[in-house]
Each structure stands twice: as C-alpha cells, then as structure tokens.
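# below are the sequence and a predicted model; questions follow.
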Amino acid sequence: MNRTHIDVFFKHLFSIVALFSVLALGAILLFVFVQGSMPFFTSTAAGIRLVSQRIDELTVNGVLYQNHATFIEIPKNASSISVRFPSGEGETALDIALNTREKDPEKKLTVLRNDGGTLSYPEAYVYTLSWPGTIAALDRKLHIILPEPPYNGAKFLTGLDWRPSRDKVFGIFPMIAGTLLASFGAILLGVPIALLCAVFMAEFLPAKLASFARAGIELLAGIPSVVYGFFGLMVIVPLVRNTFHLPSGNTLLSAIIVLALMILPTVITIAETSLRAAPLSIREASLSLGASKMQTAWRVVLPHANSGVIAAVILGISRAVGETMAVILVAGNSPQLTLSPLESVRTLTSTIAMEMGYASGRHSEMLFSIGVVLFSIILILNSLILWFRRRMEMDA
C-alpha cells in the first residue's frame, strides 16, 4: 500500500472518529436538555398511583391485586377510589371521592369512608392512610400519589425557596446568585494576580527560573479539586472565621478565595504561553523606540497576546462556575439569597452533587434542569467575552 492510500485511509478514519465524537456530544447535550425541560411541559404521571405497604391483598375499584410490588394506576378520568382488603376476621373499606378540577393538592381528595385508618399528608401530592398493626412497625399503609402538574419556568428561575422534599417548591434564584457571586469574585481576585504572574514569568524572569516555575504551576493545575477543598476547609475557613469573628467560616468569601486559588494555575499557564508566543520583533521594535521593558510588556506584548489571555479567562470562568467539590466543602451550602461575603451560600453545582443521589421523580428532573441552567450560564458568559474581544479588535 503506497503513501497515497495510507493518507486516504487515515483521512477517512479521522473523519469517522470526529463524526462519532460530535454525535456523542450532541446526544449527551440533547439528553440533558430533554430531561431538563420535561418538568415544565409534562406531569409526573398520567394519573393517580397507589402504593401498598404490608397489605398483601387488596381490591381497588373492583380489581384484585395480590402481593403487588409496583404502582397501582388509577385511570385519569376516575371520579372515585374504592379500596377493600382483609383485616382480621372482617374487611377494611376505604372510599375516596376525587375532584379533578381542584388545583390545590390538599383538596383534591375527599375521604367518604375510612374504617379505622389515620389520614396524613406527609408531603405535597402524597396522602398516606395508616391502619394500626400489633406494633407500630407493622402498621399497614396505603400511599396515594397525585400527579404533579408541569412546573412554572419563571417560578423555577426566580423563586427564592428550595424545598424539594416536603412542599415540592423549586426556586433556584439564590443558587444562581451564589454561583455568579462566587465565580465573579474569584475572577476579580484571581485574574489580575494570574496576569501579573504570567507577565513576570514571560518577560522578566530568567529562562531557567521561568521553566522551573512553569513546571510547578502546571503541577498545581493537575491537583484534584477536592484537595483544594480540603485546603480551604482546614486553612481558609478557620482564617475567615477568626478574622471576622464569625460562628462559621463556611461563607461566600471562603468560596471566592478557594476558587481564585484554583483558577490561578490555568489562567497563568495559558496566558504565559500566549505571551511567550509573541514575536521577538515587536519587543525589539518597542525597545528601539525608547520604551522601557515594563512599557513594552504591558503596552505591546500583552495587547498582542489578548486572544490567548481572553481564552485563559474563559477557561478560568468555566472552571469557577462548574466547580463542585471544593465549593461544597467551604461555602456552607445554605440556599439563601445574600450579597454579604460573610454569609453562607449554595451554588448550582453543589445542589446537583448533594441531592442527585437520593432525588427521585420531579426532584430528579429539576436537578437536570439546574444542569441546563448551568450550561446556559457558561455559554452566555463565554459568548459575552468573545463578543467583547471582537469589539476590542474592531476598535483597534
């Protein structure tokens, strides 16, 4: 096989790999967006569902169920629920009228007959009827789960309360604010320091020392985020607590400091590489015109490398917005709306990481919706930065 055939083979191979990579990425994004949009367009179920607990045999609307381990579906247009099951030497009866037009979940059911059972409302859209056994652990229970209607998107984005378990209230505005405040705070603190370090390494530090420092910074960039989180928990959090005399140092300020430390290696590495890539001729031209080395670095080399610097800032923002473990350890994770850096906050990523393990139903769908919001925030921020760069290039 000659050289031409080999080149054609690898060309098609790379094209196929690239195509499948793009398709896989598109499938992942489509899955997340579909899952994240479902709670705003669909109900959690087509109709009412029943779940029996320690009731081996029961009759629901004339249909016998024995050792039923899954949901018992009630037709959507049903106007009543009639339940019968053996109890001792007799039979326990439960008759419920359904009001399908009522929007308040606490008023949708009216119990017409209940032989010795206790009715409770442990969480929104769930009724529980309990019949006593010989001991409390053997109580027989019947859970009636109402379908949750589509959630209001505006209420989701602007709501101030996050109570997913009991009240099924999903407001993420405090978490959006916490994410943006922590990220912008980290950018404002970390990017100037990173640029100063990058300019110093690229323009003023001797080559051997710069190579040694570059290797150390690249090593810092590879440290797992949980290590930064532990450092923040053991050093930054006590420092903030003792400095400001707070009951707890798990605050927005702690999260900002830790995130700033985390983005430093990434921004320094990319910015310093861009600065070193600037042609030597522009430095010589600036120096020959009488500019000092400092003026050359700031007014000639840095503007010439602005595309790489902006790329470094974009990566820094993306890491700050998407950081999870370090923020969980130091931010306090209180879903409250606050502008004070000395208060506890919760970010979008923290909510997903902490609650996905036990979430189910509408709660789980809402966590996917948070992922969509997080992706949208990163996309919007990066687009604004790229637009700003184009405006700078046009003005220049």
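Cool, the structure landed.
# in the stretch 1-150 of the chain, which spans are helices?
Taking DSSP state H, counting those that start in this stretch as the criterion, the stretch 1-150 of the chain carries its helices at 3-37.
# where does pLDDT dip in it?
Low-confidence regions of the stretch 1-150 of the chain, defined by pLDDT under 70, span residues 1-2, 134, 136.
# which ones are touching the nearest residue to H68 once chain neighbours are set aside?
Spatial nearest neighbour of H68, chain neighbours left out: S52 (6.4 Å); criterion: Cβ to Cβ, 6 or more residues apart in numbering. Placement of C-beta: from N, CA and C, glycine included. With contact set as Cβ atoms under 8 Å, 6 or more residues apart in numbering, S52 has these partners: L58, Y65, H68, I72, R140, K141, L142, H143.
# pick out the residue nearest the middle of this structure.
In the chain, the centroid-proximal residue (Cα atoms, centre = their mean) is T349; its distance is 3.0 Å.
# what helices or strands is the host helix or strand of that one leaning on?
Element membership of T349 [criterion: DSSP states H and E] is helix 348-355. Using 3 or more Cβ pairs under 8 Å, 6 or more residues apart in numbering; DSSP states H and E, the elements in contact with helix 348-355 are helix 173-199, helix 325-330, helix 362-395.
# how about the ones you listed in CSV, adding mean pLDDT and distance to A271?
Listed next are the helices and strands packed on helix 348-355 as CSV, based on pLDDT from 0 to 100; distance: least, Cβ to Cβ, whole Å:
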stretch, mean pLDDT, distance to A271
helix 173-199, 93, 4
helix 325-330, 92, 22
helix 362-395, 85, 14
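# which among these is found nearest to A277?
Smallest distance to A277 across these (Cβ to Cβ): 12.0 Å, for helix 173-199.
# buried residues, the closest one. List them.
Judged by neighbour count using 16 or more other Cβ atoms under 10 Å, the buried positions of helix 173-199 are 173-183, 185-187, 189-191, 194-195, 197-199.
# just the strands in this structure please.
Using DSSP state E, the strands of the chain run over 49-53, 57-60, 63-66, 72-73, 80-87, 90-98, 109-114, 118-123, 126-131, 140-145, 162-163, 169-170.
# what residues of the fifth one count as buried?
Counting neighbours by 16+ other Cβ under 10 Å, one finds that the buried residues in strand 80-87 are I81, V83, R84, F85.
# likewise the third one?
For strand 63-66, the neighbour count (16+ other Cβ under 10 Å) marks Y65 as buried.
# with just CA atoms, put that strand into PDB.
Provided in PDB are the C-alpha atoms of strand 63-66 (Å, rounded to 0.1, in the frame of the first residue of the first chain):
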ATOM      1  CA  VAL A  63     -59.800  -5.200  40.600                       C
ATOM      2  CA  LEU A  64     -57.900  -7.700  42.900                       C
ATOM      3  CA  TYR A  65     -54.200  -7.200  43.500                       C
ATOM      4  CA  GLN A  66     -52.100  -9.800  45.300                       C
END
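# quick one: strands adjacent to it?
strand 57-60 (antiparallel) (DSSP bridges).
# the fourth one too?
Strand partners for strand 72-73, identified by DSSP bridges, are recorded as strand 49-53 (antiparallel).
# ok, and the closest non-adjacent residue to F71?
R49 (4.1 Å).
# before we move on, what about S318?
Spatially, and ignoring its direct neighbours in sequence, S318 is nearest to I378 (5.6 Å; Cβ to Cβ, 6+ apart).
# now do that neighbour against A320, distance only.
Separation of I378 from A320 (Cβ to Cβ, to the nearest Å): 10 Å.
# ok, now F368?
22 Å.
# of the two, which one has the most company?
Applying other Cβ atoms under 10 Å to F368 and A320 shows that A320 carries more neighbours, namely 28 against 21.
# and the pLDDT at that one?
Looking at A320, its pLDDT stands at 89.
# which residues are in contact with the residue lying closest to F33 once chain neighbours are set aside?
Computed as Cβ to Cβ, 6+ apart, the closest residue to F33 that is not its neighbour in sequence is V372, at 5.8 Å. Residues in contact with V372 (Cβ under 8 Å, 6+ apart) are V32, F33, G36, S37.
# residue contacts, the nearest residue to A359 once chain neighbours are set aside?
Among residues not flanking A359 along the chain, L367 sits closest, at 5.7 Å (Cβ to Cβ, 6+ apart). When contacts are counted by Cβ under 8 Å, 6+ apart, L367 touches T351, I352, E355, M356, A359.
# how far away is L367 from T347?
Remark: distance between L367 and T347 (Cβ to Cβ) = 13 Å.
# same deal with I172?
From I172 over to T347 the distance is 10 Å, taken as Cβ to Cβ.
# and the two? Which one has more around it.
A count of neighbours by other Cβ under 10 Å puts T347 above the other of I172 and T347, at 33 against 26.
# isn't that one right next to T179, touching?
Yes: using Cβ atoms under 8 Å, T347 is in contact with T179, at 4.4 Å.
# what about D56, how many residues nearby?
Residues lying near D56 (other Cβ under 10 Å) number 12.
# over to G26?
Using other Cβ under 10 Å, G26 has 10 neighbouring residues.
# now it: how far from M38?
G26 is 19 Å from M38, by Cβ to Cβ.
# so how far is S52 from the residue in the chain sticking out farthest from the centre?
Taking Cα atoms, centre = their mean, the residue of the chain most remote from its mean C-alpha position is E89, at 54.1 Å. Counting by Cβ to Cβ, the gap from E89 to S52 is 20 Å.
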